[in-house]
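Participant: prediction below, plus the sequence it came from.
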Amino acid sequence: MSKKFPRLFSPLKLRSHTLKNRIVFGAHTANMAVEGLPTERHTAYYRERAIGGAAMIVVEPMPVHAAAVLTRGNFRHSDDSVIPHLKKVVEAIKGHGAIAIQQLYHVGAHGDSDNSFHPHWSPSGGPSYHDSDGSHPMTEAEILETIDGFVAAARRCRDAGFDGVEVWAAYLGLVDQFWTPWCNRRDDQWGGSLENRTRMSREILTRIRDVCGPDFIVGLAVSDEPDVKVALQRDELAEIIRLHDELGLIDYVTCGSGGYLDFYKLMPTFLCPEKLGADLASVLRSVVKNALVIAESHIRTPENAETVLGQGAADLVSIVRGQIADPHLAKKAAEDRPEDIRGCISCNQMCWGRRSRDYWISCLINPSVGREAEWNGDRFLKTSDPQRVLVIGGGPAGLEAARVAAERGHEVALAEASNRLGGNFLLAGMQPRRAQILDLIAWYERQLEKLGVEVRLNSYVEAEDIDPSEFGRVIVATGSYSPETVFQKALPAVEAMPGLAKGNVFTVEAVMARQARPGKRVLLLDEGGGWRGCGTAWKLAEEGHEVALLTPDPFVGKELQRTAADVPMRQALRKLGVTWIVEASVIEWHGNGATIVDHTTGECRFIDADALVTATTNAPADWLMPGLAERGIATRQIGDCAAPRQAPYAFYEGRKAGLEI
């Protein structure tokens, strides 16, 4: 029994099963299926979380009908050929002591025609909030066909060996659309009264129980959109869940946040409060008599989970992104080693960010995600040929390369030119609400110390400083820098911005590192559309600067759109008084302002500013490479010094380099 998390690691009965702890790895679209069939990539992904100690794993949502297909990595619907492939997933989960559940879903109006090639169906018609299409009101025959689809999908899950299914009634999907008067304006037996609006869900759950048997677990997933008045409010959801519970139709209910009308809380970033699902869970737990309640959404850590359980808000907690980032979270917490858990930084960059582009998911800080089959999960095989390894550069790529090489048994020295580890990622952690990045860097510091890595701070390395006889391998991870030319991609014929010699021009790195003190009025040029520019604008505005953000893109935070962070970020900037100019570039800097061009009209105008802060494309800090090559020292170049990119690729190359030594 864990002394730090006694509630989290107490067993719990769920129908005829006993869960070994209260940690669930909840449903989310991993999007890894190929032609509708789970592969070894899928199987290894879930196996790793079962090895890591999760008590219950809810496998990603399976569409129950052709109209429900949402991603190219969805499982096949209405097809028994998926059963033998799902069996492998189930065996991987149950073989390591976890309960295996499959989520079943239908998105109703919110389909994806590019993937489904099927008309969208919904209770009363209405637009999709997923794409730009509309839907048609379902006929009774289509309603019955959809119910049959849920039941047939549950039967396939039973035949594949799953312990149960979770029917998806969250995010204003089809079941939720029937419950919600705003979506359901029918005047037949499927609309109007509460009895009629819940007829579909009651029929689905009743028939699943009849077909799959008394020991089969049947759950229900719901979500909370309290800031959207047309969505069901908590008291209305409580009435619906009470009805299903009194009829004995559900064994548990999972409580998430957000939905198609409040999309930014569906996969909450660090801009949202933690433990979002706990409020709804608390309300529903007060009305159920039979069903267990699972709190889900932004419960990142064992500490979060223990608090939710201690407050009596839920019976179990679903930690999804936390177990994506560290699949062994449960095991480490059970052993009272929370300091060893690699904490999710709520960035959404490679989980939701890749899924939003219809790729299989990964993780910014854990590049083994989706590669468990080829990289032995998140576990490391000891080398049979230990070597002495020098890693130059303590940013994300260097940190991960040093850690993994040391985990595998190599003797590692890490040289960092500055007085702190982290590189430019450290500066990102100093932006508002991004302190989880600093927590991650602290985690690396603890791991490197435990692994005996020799960390050399304030250690600037030249090629002649390296003794080839001392190190068998040299890994260069020296990062990137902002060029002094302030080249703008939107103005390709202009190699360097005119007027830079007039001064008061600073990079975002210099600003975040406190190496520059811009004046009161700041013009921030952001060609990246990510946190590098937007987060610095936020920081400057918080400190009292009058910030105007200028971008050649059609809107501010273009790259943040795929992480569901752009709208909350723009709202935060607006509250701080930040203004912006879109589809524009800087023609010339004058020292006290800039001439800018509007790309939509070609018109130029002058803007007053005390300082110009730039977030343009960085250049690789690769000055070591020629000298190392001249001396015949074999090196591996990783991260931004190979090519400046976003952080996930630095972590990926660091992991890969450490594994391949």
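Facilitator: Sure, I can see it. Just so it is clear, the model here is predicted, and its values are computed rather than measured.
Participant: how about the nearest residue to residue 62, chain neighbours excluded?
Facilitator: Closest residue to residue 62 apart from its sequence neighbours, by C-beta to C-beta, 6 or more residues apart in numbering: residue 75 at 4.5 Å. No exception for glycine: its C-beta is placed from N, CA and C like everyone else's.
Participant: tally of neighbours for the closest residue to residue 188 other than its chain neighbours?
Facilitator: In space, and not counting its chain neighbours, residue 188 is closest to residue 140: 7.2 Å by C-beta to C-beta, 6+ apart. The tally of other residues near residue 140 (other C-beta atoms under 10 Å) stands at 11.
Participant: angles on the backbone of residue 140, please.
Facilitator: phi -60, psi -40 (degrees, to the nearest 10).
Participant: tell me the spacing between it and residue 123.
Facilitator: Separation of residue 140 from residue 123 (C-beta to C-beta, to the nearest Å) stands at 11 Å.
Participant: overlap in contacts of these two?
Facilitator: residue 190 (C-beta atoms under 8 Å, 6 or more residues apart in numbering).
Participant: any chance you could map the strands in the stretch 101-250 of the chain?
Facilitator: For the stretch 101-250 of the chain, the strands defined by DSSP state E, counting those that start in this stretch cover 120-122, 126-127, 134-137, 164-168, 217-224.
Participant: quickly compare these and say which is most buried.
Facilitator: Highest mean neighbour count of those: strand 164-168, a mean of 27 (counted as mean count of other C-beta atoms under 10 Å).
Participant: what's the angle from that strand to strand 217-224?
Facilitator: 20 degrees (axes from the mean of the first three to the mean of the last three C-alpha atoms, to 10 degrees).
Participant: and strand 164-168, which strands flank it?
Facilitator: According to DSSP bridges, strand 164-168 has the following sheet partners: strand 99-105 (parallel), strand 217-224 (parallel).
Participant: make TSV from those and add mean pLDDT and distance to residue 614 to it.
Facilitator: Formatted as TSV, the strands paired with strand 164-168 follow (pLDDT from 0 to 100; distance: least, C-beta to C-beta, whole Å):
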stretch	mean pLDDT	distance to residue 614
strand 99-105	98	45
strand 217-224	97	41
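Participant: for residue 53, which of the ones you listed is the nearest?
Facilitator: strand 99-105 (12.7 Å; C-beta to C-beta).
Participant: got a list of contacts for the closest one?
Facilitator: 14, 17, 19, 27, 55-64, 68, 86, 89-90, 93-94, 150, 153-154, 157, 160-168, 173-174, 217, 219, 221.
Participant: and if you look at stretch 445-456?
Facilitator: For stretch 445-456, the external contacting residues (C-beta under 8 Å, 6+ apart) are 339-340, 394, 399, 402-403, 406-407, 411-416, 421.
Participant: and it, what's buried?
Facilitator: 445, 447, 448, 451, 453, 455, 456 (16 or more other C-beta atoms under 10 Å).
Participant: pull it out as PDB, backbone CA atoms only.
Facilitator: Only the C-alpha atoms of stretch 445-456 are listed here, as PDB (Å, rounded to 0.1, in the frame of the first residue of the first chain):
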ATOM      1  CA  GLU A 445      18.200  17.200 -13.200                       C
ATOM      2  CA  ARG A 446      17.000  14.500 -10.700                       C
ATOM      3  CA  GLN A 447      17.300  11.700 -13.200                       C
ATOM      4  CA  LEU A 448      20.700  12.700 -14.400                       C
ATOM      5  CA  GLU A 449      21.900  12.900 -10.800                       C
ATOM      6  CA  LYS A 450      20.500   9.400 -10.000                       C
ATOM      7  CA  LEU A 451      22.100   8.000 -13.100                       C
ATOM      8  CA  GLY A 452      25.500   9.400 -12.300                       C
ATOM      9  CA  VAL A 453      25.700  11.700 -15.300                       C
ATOM     10  CA  GLU A 454      28.500  14.200 -14.900                       C
ATOM     11  CA  VAL A 455      26.900  17.600 -15.600                       C
ATOM     12  CA  ARG A 456      29.300  20.400 -16.400                       C
END
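Participant: off-centre distance for that stretch?
Facilitator: 28 Å (C-alpha atoms, centre = their mean, to the nearest Å).
Participant: quick one: end-to-end length of stretch 544-561, please.
Facilitator: In stretch 544-561, first residue to last residue: 27 Å (C-alpha to C-alpha, to the nearest Å).
Participant: tell me the mean pLDDT for that stretch?
Facilitator: Averaged across stretch 544-561, the pLDDT comes to 97.
Participant: please identify the buried residues of stretch 581-601?
Facilitator: Neighbour count says stretch 581-601 has 581-591, 593-594, 596-597, 599 buried, by 16+ other C-beta under 10 Å.
Participant: just the helices in the stretch 501-650 of the chain please.
Facilitator: Assigned by DSSP state H, counting those that start in this stretch, the stretch 501-650 of the chain shows helices spanning 508-512, 531-542, 566-575, 624-630, 647-660.
Participant: tell me how far the first one is from the chain's mean position?
Facilitator: When you say that, I think you mean helix 508-512. The chain centroid and the centroid of helix 508-512 are separated by 26 Å under C-alpha atoms, centre = their mean.
Participant: could you list every helix and strand that that helix packs against?
Facilitator: On a contact count with 3 or more C-beta pairs under 8 Å, 6 or more residues apart in numbering; DSSP states H and E, helix 508-512 meets helix 423-428, helix 531-542, strand 611-615.
Participant: for residue 576, find the nearest of the ones you listed.
Facilitator: If we rank the helices and strands packed on helix 508-512 by C-beta to C-beta, the stretch that ends up nearest is helix 531-542, at 3.8 Å.
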